[in-house]
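Chemist: Below are the sequence and a predicted model; questions follow.
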Amino acid sequence: MSDPTTGAPEPDPTTGTEPEPIRIPDEDLDDLASALARTIAEVRQHGVILDRLGSDPEPPTAPEAGEPGTEPTAPEAESPASVFILALGGAEYAAELVGLGNWVTHILLPAYGREISSGRPWCSLWYEHPEAVARLHALWLAWQQLTDAEAGLSGPSTWHRDHLDHALLQLRSADGPFAACTTSPSRPNHRVLASPGQLGLAA
């Protein structure tokens, strides 16, 4: 034991003699200082954790029947019944069409547009052709899924083989949705072909 005021060792009450002072070798002082610094840092870290725990509010408990807050709440908004663009309406359709338009303009056409001809027509107003919108949207949905990292390394190849090739054949065929539209960049044309429903042939 040492005197708290002077730091000097206190006399041993059993013998009445003062104990020898403790001497630490110089080479151990650095290790002792490092250990002390680590201990102080840990104590401070524990103090921060305890402060946070003390400031966190208690978790809410479920109210018992008859107490305020037990009234039925409105059901959460349901997810859309379909991701198909033609099943959407109003603002949902418009928002989806904007996203689709960005993808068609900046990714699909620059990479896969190819030259316009009578055997491979295209319409710059593709978004006014319901069939084109439906096919392009389905192609875009598949592109989002199969080019994601979770699709694996073969995802893009699968997208080309199973989705892109077939969609372009249908969209740009001579009798496809753009059959009455542009066949030459120098002679732009746009006309939506009449569907059986418009001709009164639908069941």
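Modeler: Arrived safely.
Chemist: May I ask which helix or strand of the chain has the lowest mean pLDDT?
Modeler: Every helix and strand in the chain was compared by mean pLDDT, DSSP states H and E; the lowest is helix 26-55, with a mean of 57.
Chemist: Stretch 152-159: which residues count as buried?
Modeler: For stretch 152-159, burial by neighbour count (16 or more other C-beta atoms under 10 Å) applies to 155, 158-159. Heads up, the C-betas are built off the backbone N, CA and C, glycines and all.
Chemist: Quick check: next helix or strand after the helix or strand hosting Leu141?
Modeler: Here Leu141 sits within helix 130-146, counting by DSSP states H and E. Downstream of helix 130-146, the next assigned helix or strand under DSSP H and E is helix 155-159.
Chemist: Does anything pack onto that next one? Which helices or strands?
Modeler: The contact analysis (3 or more C-beta pairs under 8 Å, 6 or more residues apart in numbering; DSSP states H and E) places helix 155-159 against helix 130-146.
Chemist: Contacts for the helix it packs on next, please.
Modeler: By C-beta atoms under 8 Å, 6 or more residues apart in numbering, the residues outside helix 130-146 that reach it are 83-86, 96-97, 99-100, 103-104, 107-108, 123, 126-127, 151, 155-156, 158-159, 162-164, 167, 170-171, 176-178, 195.
Chemist: And the residues you listed, which of them are buried?
Modeler: Neighbour counting by 16+ other C-beta under 10 Å classes 85, 96-97, 100, 103-104, 108, 123, 126, 155, 158-159, 163-164, 167, 171, 176-178 among the contacts of helix 130-146 as buried.
Chemist: ok, Ile138 to Gly89 distance?
Modeler: Careful, residue 138 is Ala; it's not Ile. 18 Å (C-beta to C-beta, to the nearest Å).
Chemist: Mind listing what's buried along the helix holding Leu141?
Modeler: Neighbour-count burial for helix 130-146 [16+ other C-beta under 10 Å]: 131-133, 135-143, 146.
Chemist: Can you give me the distance of Phe84 to Leu109?
Modeler: 22 Å.
Chemist: ditto for Leu125
Modeler: From Leu125 to Leu109 the distance is 13 Å (C-beta to C-beta).
Chemist: do Ser186 as well
Modeler: Noted for Ser186: a distance of 18 Å to Leu109, by C-beta to C-beta.
Chemist: Show me which of the two is the more surrounded one.
Modeler: Higher neighbour count among Ser186 and Leu109: Leu109, with 14 against 6, using other C-beta atoms under 10 Å.
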